[in-house]
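> Sharing a model prediction with you, sequence too.
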Amino acid sequence: MYTLLSGLYRYYTQKDEYCIVILGLDNAGKTTYLEAAKTKFTKNYKGMNPAKITTTVGLNIGQIDVFGIRLNFWDLGGQTELQSLWDKYYEECHGVIYVIDSNDRERMDESKEIFDTMIQNEHLSGVPLLVLANKQDLPDVMGVREIKPVFQQAGDLIGRRDCLTMPVSALTGEGVDEGIKWLVEAVKRNSIVRPPMEND
Ligand code: G3D
Ligand code: MG
């Protein structure tokens with residue numbers, strides 16, 4: 001009886017788990033985006049005051065249950081010396097979110113360079129990619145129309161994976177749920193190649 005009940009319990013509570021890495025230069029808004037996603041999709045989660053979000057050193061983790069699956073986020077520190085740690089996570093991740101500070105024209109080339117390095121990594125081939133043109137709430141920022149062609153120069157490397165570039169404001173939350181919804185569909189589609197982990 002116990003086995004039957006615990007079996008049923010497992011059946012109804014277990015969720016497929018997918019891991020998502022959040023990458024981009026330091027100050028792009030990765031941690032703010034993760035907070036915004038947690039706030040949108042977690043009941044009673046009020047979110048951190050953006051003023052309290054400090055530079056991520058190492059790894060910041062977050063989890064949301066959404067559309068019947070669980071997403072585990074790895075928000076990795078973006079400083080140069082931490083970028084070398086990123087590829088340790090590539091093999092195990094099911095999706096990538098790449099965050100761009102649309103207000104920082106000066107570092108756009110730097111961001112593109114690390115994007116190109118990331119996209120060339122063999123362990124990420126075929127993995128769905130969500131590119132976020134963040135900070136769209138600020139005036140005179142680069143729009144998706146301007147940013148997309150820059151990042152699509154790596155078109156061959158992006159290859160046949162699912163890829164979406166979208167405008168977002170992590171600070172106001174604008175566009176956050178659309179991005180997560182898209183990512184959920186994309187990682188589910190890719191689950192034949194990268195199956196989810198099962199949790200209890
Ligand atoms: P990171 O995790 O990529 O390093 P953070 O970046 O999330 O720590 O954000 C870096 C700074 O950008 C923070 O400002 C944060 O409030 C701001 N920011 C993040 N997303 C947005 C956005 O969508 N719009 C605006 N206007 N600002 C954003 P501070 O001043 O705390 O350094
Ligand atoms: Mg951070």
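Looks like it came in fine. Ligands and ions are numbered 1, 2, ... in the order given.

> What are the contacting residues of stretch 88-99?
18-24, 28-30, 33, 74, 76, 115, 118, 121, 123-124, 127-132, 134, 170, 179, 183, 186-187, 190-191, 194, 196 (CB atoms under 8 Å, 6 or more residues apart in numbering). For glycine as for every other residue, the C-beta is placed from the backbone atoms N, C-alpha and C.

> right, is it up against ligand 2?
No. If you take CB under 5 Å from the ion as the test, stretch 88-99 misses ligand 2, and the best it gets is 9.4 Å.

> Around ligand 1, which positions in this protein sit nearby?
The chain has residues 24, 26-32, 50, 53, 55-56, 78, 134-135, 137-138, 169-171 near ligand 1, with proximity defined as CB under 6 Å from any ligand atom.

> rewinding a little: are any of the contacts of stretch 88-99 buried, and if so which?
Burial by neighbour count, 16 or more other CB atoms under 10 Å: within these this picks out 18-24, 28-30, 33, 74, 76, 115, 118, 124, 127-132, 134, 170, 179, 183, 186-187, 190, 194, 196.

> Let's see which of the residues you listed end up in strands.
The strands, defined by DSSP state E, take in 18-23, 74, 76, 129-132, 134 from those.

> Which one of those residues is nearest to ligand 1?
Asn134 (4.9 Å; CB to the nearest ligand atom).

> quick one: contacts for the closest one?
By CB under 8 Å, 6+ apart, the contact set of Asn134 is 28-29, 33, 99-102, 168-170.

> Buried among the residues of the chain next to ligand 1? Make that a ChimeraX selection.
Here is the ChimeraX command that picks out the buried ones among those, judged by 16+ other CB under 10 Å:
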select :24,26,27,28,29,30,31,32,53,56,78,134,135,137,169,170,171
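
> Which of the residues of the chain next to ligand 1 fall in helices?
If you go by DSSP state H, the residues of the chain next to ligand 1 have 30-32 in helices.

> so which of those residues comes closest to ligand 2?
Ligand 2 has its nearest neighbour among those in Thr31, at 3.3 Å by CB to the ion.

> wait, that closest one sits on Trp74?
No. With contact defined as CB atoms under 8 Å, Thr31 does not count as touching Trp74 (11.6 Å).

> and for the two, which residues touch both?
The contact lists of Thr31 and Trp74 share Asn60, where a contact means CB under 8 Å, 6+ apart.

> Tabulate the ones in helices among the residues of the chain next to ligand 1 in a markdown table, adding columns for distance to Tyr89.
Shown next, in a markdown table, are these (distance: CB to CB, whole Å):
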| residue | distance to Tyr89 |
| --- | --- |
| Lys30 | 13 |
| Thr31 | 16 |
| Thr32 | 20 |
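
> tell me, which of the residues you listed make contact with ligand 2?
30-31.

> does any part of the helix or strand bottoming out on mean pLDDT in the chain sit near ligand 2?
Using mean pLDDT, DSSP states H and E, the weakest-scoring helix or strand in the chain turns out to be helix 80-83, at a mean of 72. No. For helix 80-83, no contact with ligand 2 is found by CB under 5 Å from the ion; the gap never falls below 10.1 Å.
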